[in-house]
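# Sequence unavailable; structure follows:
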DNA sequence: CCGCCTGGTTAAGACTATGTAAACAGCCGT
DNA sequence: ACGGCTGTTTACATAGTCTTAACCAGGCGG
């Protein structure tokens, strides 16, 4: 078998939507390729062997596409614009026709999670770069690597887990107690101050000026948050 | 590997819900099996090898279950009762934790369609190339040979299987448990430390300086990974 | 302006995970 | 049955990580 190009194929005639979505996906470590008709999609699939196809439902309807036109080995997610009505029955039809998912939510993070879930299950080589990003900070959970501005930083297990929690809800203030619960577990008696120490060493590693943190900022009297913007 | 029992495992403490759902699934050709705790689910999984697991989110929360308690080869759909609120973030957390779908709709036909979609995709055999490479390391699965920088190295069966797992997903961290499951089988009581010993002897054979491994690197507190770049 | 409270910083000891070696056990072919 | 090869367990060594505790700095209210 030829090498897969580790790419997602976007099939939609809606330029605005594909532009945004493509950007978002590339920010999250996927290479993308956009085509606007089913015919061109089919030829692209033969040549480039995408990992997964994101197919606009609009196109499916107007061009009368069917699942069995596409290779059955490539997973396909059907995208339904969230502003259009999405009747239960219609979604069902597509699922039953052999598509892997009908996605009708405006939340792109959710779409990303679904893409990852499907690729993960399908065991595709180097498929799911499960990367969380904020500014120049990136965490690849699968590889267990963290980079700041492209350079790798080595974190201890606790530091990694703490930063992971921040990245799961960027911009949201997490109280000390909340963090302790999430990282150490609900029932764990621990000097609350231990967290501060870990935050400190985390800052030493990811902040350019640890005394003026840009990422992990203190909210006095509450806890910490990861600066999102 | 023993024959699968072609069965869906329902994990929920809500008898009313599981009764109805079980009936519905059996009407649609699936054999089902109901358990009410995660612990009993785990033993049932080992014995009966279900095709797919339907897991009540309630139970996941109250018993503090995590995805990696379950064998990664079995797809899991998390069920969220439709009357309870299902925040976007919560669903996301589960998807990102490795579950295949979070289902929060009251329509059982839709659930059925999702089950079919996931099983359909899951049962597709993934085509595997016979030579796997990373840097100077090459494994020919057909010939059952491993070479480092062109020179043949002799591995024992266990060492070969361990290295094979690494090469199937280069760069991604495999937890000890994950490796044990993949190499020894899902249900095998084994001192976790046995793996370390095999890793040690594997390193002796494939690393130029076994004390500073370039290929099989340790991720403290998690497991090991094969350095991809 | 002083003192308290919150968080920052540092270092030392305790602890845990992993590495390493060696003994033991099982299998297989001779 | 014997001997060698694998795999597993045990024991000990070591390096890395976590936690505790003590001290320091700065903001805020009195």
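Everything's here; your move. What you see is a predicted model, and the numbers here were worked out from it, not measured in a lab.
# where does the spatially most central residue of chain A fall, phi/psi-wise?
Among the residues of chain A, the one closest to the centroid is residue A:112, at 4.1 Å (CA atoms, centre = their mean). Residue A:112 adopts backbone torsions of phi -60, psi -40, taken as degrees, to the nearest 10.
# Who's the closest spatial neighbour of it, skipping the chain neighbours?
residue A:28 (5.8 Å; CB to CB, 6 or more residues apart in numbering or on different chains). Backbone N, C-alpha and C define where each C-beta goes, glycine included.
# about what we covered before: now do the residue nearest to the centre of chain A, the pLDDT please.
Among the per-residue scores, residue A:112 shows a pLDDT of 90.
# how about residue A:59, what does it touch?
Contacts for residue A:59 (CB atoms under 8 Å, 6 or more residues apart in numbering or on different chains) come out as A:11-13, A:36-38, A:65.
# how much distance is there from the lowest-mean-pLDDT helix or strand in chain A to the middle of the chain?
Every helix and strand in chain A was compared by mean pLDDT, DSSP states H and E; the lowest is helix A:88-97, with a mean of 82. Its chain's C-alpha centre and that of helix A:88-97 lie 25 Å apart, by CA atoms, centre = their mean, to the nearest Å.
# Which positions in that helix come out as buried?
By 16 or more other CB atoms under 10 Å in any protein chain shown, the buried positions in helix A:88-97 come out as A:90-92, A:94-95.
# what's the closest of these to residue A:173?
residue A:91 (36.9 Å; CB to CB).
# how much space between that closest one and residue A:135?
In this view, residue A:91 and residue A:135 are 36 Å apart by CB to CB, to the nearest Å.
# can you pull the contacts of residue A:168?
Counting by CB under 8 Å, 6+ apart, residue A:168 touches A:132, B:93, B:96.
# Name all residues that make contact with the last one.
Right, the one you point to is residue B:96. Neighbour list for residue B:96: A:113, A:116, A:130, A:168 [criterion: CB under 8 Å, 6+ apart].
# between those, which is nearest chain B?
Taking CB to the nearest CB as the measure, chain B lies nearest residue A:113 of those, at 3.8 Å.
# Now name the helix or strand holding the closest one.
helix A:108-121 (DSSP states H and E).
# List the contacts of that helix.
Counting by CB under 8 Å, 6+ apart, A:8, A:21, A:24-25, A:28, A:30, A:51-52, A:54, A:75, A:77, A:79, A:100-101, A:103, A:105, A:127-128, A:130, B:75, B:88, B:91-92, B:95-96, B:98-101, B:118, B:121-122 sit against helix A:108-121.
# Mark which of the residues you listed are part of strands, please.
If you go by DSSP state E, the contacts of helix A:108-121 have A:8, A:52, A:54, A:77, A:79, A:101, A:103, B:101 in strands.
# Report the secondary structure state of the residue lying farthest from the centre of chain A.
In chain A, the residue that sits farthest from the middle, by CA atoms, centre = their mean, is residue A:191; the gap is 34.4 Å. Per DSSP: H, G, I helix; E, B strand; the rest coil, the local secondary structure of residue A:191 is coil.
# what comes up buried for stretch A:201-212?
A:202-203, A:206-207.
# Report how many residues lie close to residue A:105.
Residues lying near residue A:105 (other CB atoms under 10 Å in any protein chain shown) number 15.
# Could you do residue A:171 as well?
Neighbours of residue A:171 (other CB under 10 Å): 11.
# Find the residue closest to it in space, skipping its chain neighbours.
According to CB to CB, 6+ apart, the nearest residue to residue A:171 is residue A:228 (3.1 Å).
# ditto for residue A:14
residue A:56 (6.4 Å).
# wait, that neighbour sits on residue A:9?
No - contact status for residue A:56 versus residue A:9: not in contact, 11.5 Å apart, counting by CB atoms under 8 Å.
# if I look at residue A:138, how far off is DNA strand D?
20 Å (CB to the nearest atom of the strand, to the nearest Å).
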